[in-house]
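>>> got a predicted model here, sequence first, then my questions.
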Amino acid sequence: MRAKSVTVLSCIFMLFVFGSLMNARAQAGKWSSYFKLKSGQFFKYQMKSERGLAGWASIKIDDAGGGALNVTLAGRWTKDFSETVRMKPGMSAFDFIYAAKDMQITNALAGLVNVEASVIENAQWKDGFKWAQGDSSIVVSGQKECAGVKGLCATSSSKSFGRAQKRTYCVNPDLPLPIFVEVPAANDTWTYELVEKKGV
């Protein structure tokens with residue numbers, strides 16, 4: 001009787017360990033929810049730059065029918081802006097942000113919305129992950145919490161026109177957008193930090 005109890009306990013323990021490993025592997029996967037926006041979601045970011053600019057931006061998503069979404073981009077960077085952009089099924093982040101008629105919106109939000117392709121394609125969201133190819137590398141290290149959401153941080157390094165470029169994206173893999181971004185701009189560095197969210 002005792003041997004059966006030990007066997008049952010061993011099986012339960014093995015199932016627990018297997019389940020934990022599978023859960024860890026699922027959490028360490030690629031960012032599959034990136035830019036999969038859904039109706040009812042809302043994100044607001046604080047924006048600032050090393051050169052002293054400060055502002056904010058919000059992204060509000062509503063159903064437009066037929067699988068399309070109406071995405072309202074509003075905020076203030078060098079001036080107030082607000083525009084609703086139709087996002088069609090399968091539209092990439094790059095095509096979406098460049099569909100805005102107000103170029104200030106494209107300028108202000110491209111660094112947030114259009115995440116570097118190598119991060120999407122190669123980063124595994126597990127602390128300690130490293131990837132390198134040629135002059136490009138990605139290191140996932142450390143956590144950040146914004147608006148009550150925790151995320152892992154990936155630093156992407158590459159060379160462009162002989163100059164080193166570094167970008168940091170802090171991501172919660174369940175959200176379609178980063179919770180924190182630090183990216184180079186023209187003679188500047190811009191940061192975006194999530195301060196409010198709804199519908200996620």
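Received, thanks.
>>> host element of residue 55?
With elements delineated by DSSP states H and E, residue 55 resides in strand 54-65, which encompasses its position.
>>> parallel or antiparallel, list what pairs with that strand.
strand 42-49 (antiparallel), strand 68-76 (antiparallel) (DSSP bridges).
>>> any chance of the ones you listed in CSV, with mean neighbour count and mean pLDDT too?
Glycine gets a C-beta too; all of them are placed from N, C-alpha and C. Written out in CSV, the entries for those read as follows (neighbours: other C-beta atoms under 10 Å; pLDDT from 0 to 100):
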stretch, mean neighbour count, mean pLDDT
strand 42-49, 19, 96
strand 68-76, 18, 95
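>>> and those strands as JSON lines, adding distance to residue 118?
Conversion of the strands paired with strand 54-65 to JSON lines gives the following (distance: least, C-beta to C-beta, whole Å):
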{"stretch": "strand 42-49", "distance to residue 118": "23"}
{"stretch": "strand 68-76", "distance to residue 118": "25"}
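>>> looking at the ones you listed, spot the one closest to residue 166.
strand 42-49 (15.3 Å; C-beta to C-beta).
>>> how far is the closest one from where the chain is centred?
Relative to the centre of its chain, strand 42-49 is centred 13 Å away, using C-alpha atoms, centre = their mean, to the nearest Å.
>>> same thing with stretch 135-154?
Offset of stretch 135-154 from its chain centre (C-alpha atoms, centre = their mean): 9 Å.
>>> okay, and residue 112 sits in which element?
Per DSSP H and E, residue 112 falls inside helix 103-113.
>>> what's the neighbour count on residue 159?
Each residue near residue 159 was counted by other C-beta atoms under 10 Å, and the total is 11.
>>> wait, what's in contact with the most centrally placed residue in the chain?
Nearest to the mean C-alpha position of the chain, counting by C-alpha atoms, centre = their mean, stands residue 178 at 2.6 Å. Residue 178 makes contact with 112, 115, 151, 169-171, 192, 194, according to C-beta atoms under 8 Å, 6 or more residues apart in numbering.
>>> equivalent analysis for residue 110, please.
Neighbour list for residue 110: 97-98 [criterion: C-beta under 8 Å, 6+ apart].
>>> repeat the analysis, applying 6 Å as the threshold.
Each residue near residue 110 by C-beta atoms under 6 Å, 6 or more residues apart in numbering is listed here: residue 97.
>>> relative to residue 142, how far out is it?
Distance, residue 110 to residue 142, by C-beta to C-beta, to the nearest Å: 25 Å.
>>> how near is the closest residue to residue 51 other than its chain neighbours to residue 47?
With sequence-adjacent residues excluded and distances taken as C-beta to C-beta, 6 or more residues apart in numbering, residue 51 is closest to residue 188, at 4.8 Å. Using C-beta to C-beta, one gets 12 Å for the distance from residue 188 to residue 47.
>>> repeat that for residue 87.
In this structure, residue 87 and residue 47 are separated by 21 Å, where distance is defined by C-beta to C-beta.
>>> same question for residue 119.
20 Å.
>>> do the same with residue 36
The separation that residue 36 has from residue 47, given C-beta to C-beta, amounts to 23 Å.
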